[in-house]
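whatever this is, show me its structure:
(chains A and B)
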Amino acid sequence: MSAVHVPSLTLPGPPDGPGYLVEARDVVKSFGETPALRGANLSVARGEIVAVMGPSGSGKSTLLHCLAGIFKPDSGEVWCDGQRVDRLDETKRTKLRRQCFGFVFQFGQLVPELSTADNVALPLLLNRVGRKQAYERAVYWLARLGLEGLEGRRSGELSGGQAQRVALARALVTKPTVIFADEPTGSLDSLTGEMVMDQMVDSARAEGATLVLVTHDARVAAFADREVVVRDGLVLDHQIVGVAG
Amino acid sequence: MSQTSGGPTRAPVLTQSIHSVYTRTMSVPNVPNTLLGLLEREPSHGYELKREYDNYFGRAKPLPFGQVYATLSRLERDNKVSPAGLEPGDGPDRKRYTITDAGREEVEQWLAAPVDPEPYLQTVLFAKVVLALMLGREAGRYLETQRAVHLQQMREVTDLKRKGNLVDSLLADHALFHLEADLRWMDLTEARLSALAKVVSR
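Predicted structure coming up:
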């Protein structure tokens, strides 16, 4: 078998820094009068896969959105690779998200008017990567995730599992430092969800990406290196002190 | 592990590992009916039956040869199997068995009968939560710790499953769904702790 050609990609990325790659320090975030995070702390090491669990309304998705620079916290600090994310203005946060982060949401959120290849190439085109290079990488990632032959399809012509894998390809195509996934298997059956998780974990490890995964599903969380639980806007730190019968 | 001499069957390390985190709650298969089922697939002798049984159903706890031959004798006595000649082996000739119509009927009835659900109503978990609430202790904290231990075990099984074959996956899935059921019970119990505390307190 001939060696697989991996299309090259050059993107400006943040410098390597010591310590944790992603951190939330005493993050507070409210929506109107409703507090979502009440001083949340979380540290994620480079290359680590962390599952964020918790009941509905506990603040786990808000935490992910703050870490990813989508929400700006009311107070507290968010760090990524030595950079203070919460202090960046909207333009810089958008740039950070496009260049360093990949996202997978519960319902793929593909652009329905675009083809599968267009959807995957889109983050690169927005990053001003050349069209040829962008599509080469898009096709490469689609094939790597077992989606060859579907490049021309629109999202309405894909199964739920295929759409989620396209979303995963779109998240990986920029070679992100961190992948943020919010209930990535929430709309899939068990077997399909497992396949998506297998590919997500394998790809993240192969690419050296850090994965922060919000899920309420323990079987999905079991793919991670560790899990944290968010309850009432706080991150609980689990310490297993011993197992008794 | 009780490996009887003469048998080359060794359980794959992976499945042993899954069993090691799982056998605490797993029912042991019905040996006579399982052997009958294997004989319905094709006539066989004790050595081969043990190998097949251990490979699919008893990898962490292989079947002793003595139990295989004693079971086959009982099945023969009850007309569920009948001898079908001798086969030369490494040692003495091996007695080959074939399933009878009565044996086939037994397998059919056993497969068709539902297994008793095991709701584990009086588990250690349940007792600990109720007692902690009765004593005014931090049941929530206990549940959080237990939850972490359960998830750690799920991680181990998931890791083993991802490295294993399809039969390993089947076994691991059974373990994962049961562990998940425990976790869901813990989550719901945690959400109900204040109400439960009022019920059990004097």
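
just the pLDDT at A:Arg97, thanks.
On pLDDT, A:Arg97 comes in at 93.

please apply the same query to B:Asp90.
73.

do the same with A:Asp89
We note a pLDDT of 94 for A:Asp89 in this prediction.

hey, which helix or strand in chain B has the poorest pLDDT?
Counting by mean pLDDT, DSSP states H and E, chain B has its least confident helix or strand at helix B:13-20, which shows a mean of 56.

please enumerate the helices of the chain.
Answering for chain A, as no chain was given. Secondary structure of chain A (DSSP state H): helices at A:60-67, A:90-100, A:116-126, A:131-144, A:160-172, A:190-207, A:218-221.

nope, chain B
Using DSSP H, the helices of chain B run over B:13-20, B:31-41, B:46-56, B:65-77, B:101-112, B:124-134, B:139-163, B:166-191, B:193-200.

got a list of contacts for the second one?
Taking contacts as CB atoms under 8 Å, 6 or more residues apart in numbering or on different chains, the residues outside helix B:31-41 that touch it are B:44, B:49, B:52-53, B:57, B:63, B:67-68, B:71-72, B:74-75, B:80-81, B:97-99, B:103-104, B:106-107, B:110-111. No exception for glycine: its C-beta is placed from N, CA and C like everyone else's.

of the residues you listed, buried ones?
B:44, B:49, B:52-53, B:57, B:63, B:67-68, B:71-72, B:75, B:80-81, B:97, B:99, B:103, B:106-107 (16 or more other CB atoms under 10 Å in any protein chain shown).

spatially central residue for chain A, please.
For chain A, the residue nearest the mean C-alpha position is A:Phe180 (1.8 Å; CA atoms, centre = their mean).

what residues does chain B put near chain A?
B:124, B:144-145, B:147-152, B:154-155, B:157-158, B:162, B:176-177, B:179-180, B:183-184, B:187, B:191 (CB under 8 Å from any CB of the partner chain).

before we move on, back to that, looking at the helices of chain A, which is closest to chain B?
Between chain B and the helices of chain A, the shortest gap by CB to the nearest CB is with helix A:218-221, which sits at 4.8 Å.

helices or strands next to that closest one in the packing?
Applying 3 or more CB pairs under 8 Å, 6 or more residues apart in numbering or on different chains; DSSP states H and E, we find helix A:218-221 packed against strand A:49-53, helix A:190-207, helix B:139-163, helix B:166-191.

can you list these in TSV and add mean neighbour count, distance to A:Leu64 and mean pLDDT?
Output for the helices and strands packed on helix A:218-221, formatted as TSV (neighbours: other CB atoms under 10 Å in any protein chain shown; distance: least, CB to CB, whole Å; pLDDT from 0 to 100):
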stretch	mean neighbour count	distance to A:Leu64	mean pLDDT
strand A:49-53	24	6	95
helix A:190-207	18	15	93
helix B:139-163	19	19	90
helix B:166-191	17	20	90
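
any chance of TSV for those, columns distance to A:Trp141?
Putting those into TSV (distance: least, CB to CB, whole Å) gives the following:
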stretch	distance to A:Trp141
strand A:49-53	19
helix A:190-207	9
helix B:139-163	21
helix B:166-191	26
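
out of the ones you listed, the one nearest A:Glu113 is which?
helix A:190-207 (23.8 Å; CB to CB).

grab the nearest non-local neighbour of A:Ser188.
No Ser there; residue A:188 is Leu. Nearest non-adjacent residue to A:Leu188, counting by CB to CB, 6 or more residues apart in numbering or on different chains: A:Gly160, 5.3 Å away.

need the nearest residue in space to the residue nearest to the centre of chain A, chain neighbours excluded.
Ranked by CB to CB, 6+ apart and with sequence neighbours excluded, the top spatial neighbour of A:Phe180 is A:Ala68, at 4.6 Å.

dump the residue contacts of the one you found.
A:Arg97, A:Phe101, A:Phe103, A:Val178, A:Phe180 are the contacts of A:Ala68 under CB under 8 Å, 6+ apart.

from A:His216, how far out is it?
Distance of A:Ala68 to A:His216, given as CB to CB, to the nearest Å: 19 Å.

the domain parsing of chain B - what is it?
Segmentation of chain B into domains, based on automatic domain parsing, reads B:13-112, B:124-200.

A:Leu142: which of those is closest?
For the domains of chain B, the distance to A:Leu142 is smallest for domain B:124-200, at 22.8 Å, taking CB to CB.

now the terminal residues of the closest one, how far apart.
Taking CA to CA, to the nearest Å, the first and last residues of domain B:124-200 lie 17 Å apart.

now do stretch A:141-155
16 Å.

quick one: buried residues of that stretch?
Within stretch A:141-155, the residues that count as buried by 16+ other CB under 10 Å are A:Trp141, A:Leu142, A:Arg144, A:Leu145, A:Leu147, A:Leu150, A:Glu151, A:Arg153, A:Ser155.

who's in contact with residue 53?
Reading this off chain A. A:Met53 sits next to A:Lys60, A:Val214, A:Thr215, A:His216, A:Ala218, A:Ala221, A:Glu227, A:Val228, A:Val229, A:Val230 when contact means CB under 8 Å, 6+ apart.

wrong one, chain B
B:Val31, B:Thr34, B:Leu35, B:Leu38, B:Leu63, B:Val68.

what about it, distance to B:Leu183?
With CB to CB as the criterion, B:Tyr53 and B:Leu183 are 32 Å apart.

do the same with A:Pro123
Taking CB to CB, one finds A:Pro123 at 35 Å from B:Leu183.

ok, now B:Glu108?
For B:Glu108, the distance to B:Leu183 - CB to CB - is 37 Å.

go on, B:Tyr47?
Relative to B:Leu183, and taking CB to CB, B:Tyr47 is found at 42 Å.

not counting stretch B:92-103 itself, show me its contacts.
Applying CB under 8 Å, 6+ apart, the external contacts of stretch B:92-103 come out as B:36, B:39-40, B:43-47, B:49, B:72, B:75-76, B:78-88, B:107.

what about it, start to end distance?
Using CA to CA, one end of stretch B:92-103 lies 27 Å from the other.

same question for stretch A:120-140.
End-to-end for stretch A:120-140, by CA to CA: 10 Å.
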